[in-house]
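S.K.: sequence and predicted structure are below.
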Amino acid sequence: MKCVTFPMRIDNRNLTVVVDYIEKEDKHYTIKAAWIKLVPQDSYLDRELRASGKMLSRCFQRGESVKDMADTLSQDNIAGVVANYMKKHMVDILSGKQPAEDELKNISTDPYRIKAKPPEPPEIKNEP
């Protein structure tokens, strides 16, 4: 079994996602587990994320696909955001492509902000 990690930023929290997978001879991949870790740790949220990771992992081990998990879980929770991110970026994740720290987007689980366009940054003028 192989393992790959990738960073995410959700609700202004830095997370690390660990994905365990099996590479088959025909270059197909089977996801077996996904673990979500919070950095720095917060005991309450850590317990919730461990439970979410166990739920994702058990579903993958029972044959659920990443697409199934993304379609089932909404994006108003961290596990749902992770599943949807994996669905959209699986090729980059399995190839080990890591986004730079400044390329990490902050993904919101707030249902009112998910569809809304983010506010434009203020314009800064340099005056001599």
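M.R.: Right, received. Where do you want to start?

S.K.: drop to CA atoms for contacts and neighbour counts, all remaining ones
M.R.: Will do.

S.K.: can you give me the strands in the protein?
M.R.: For the chain, applying DSSP state E gives strands covering 2-10, 13-23, 29-39, 106-107.

S.K.: now those strands in a markdown table, please, with extra columns for distance to residue 70, mean neighbour count and mean pLDDT.
M.R.: Output for these, formatted as a markdown table (distance: least, Cα to Cα, whole Å; neighbours: other Cα atoms under 10 Å; pLDDT from 0 to 100):
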| stretch | distance to residue 70 | mean neighbour count | mean pLDDT |
| --- | --- | --- | --- |
| strand 2-10 | 16 | 17 | 92 |
| strand 13-23 | 15 | 16 | 92 |
| strand 29-39 | 13 | 20 | 91 |
| strand 106-107 | 15 | 16 | 87 |
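
S.K.: need these in JSON lines (columns: distance to residue 82).
M.R.: Shown next, in JSON lines, are those (distance: least, Cα to Cα, whole Å):
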{"stretch": "strand 2-10", "distance to residue 82": "8"}
{"stretch": "strand 13-23", "distance to residue 82": "8"}
{"stretch": "strand 29-39", "distance to residue 82": "8"}
{"stretch": "strand 106-107", "distance to residue 82": "10"}
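
S.K.: who wins for proximity to residue 71 among those?
M.R.: Checking the strands of the chain against residue 71 by Cα to Cα gives strand 29-39 as the closest, at 16.0 Å.

S.K.: which helices and strands does the closest one pack with?
M.R.: Other elements packing on strand 29-39 under the criterion 3 or more Cα pairs under 8 Å, 6 or more residues apart in numbering; DSSP states H and E are strand 13-23, helix 43-61.
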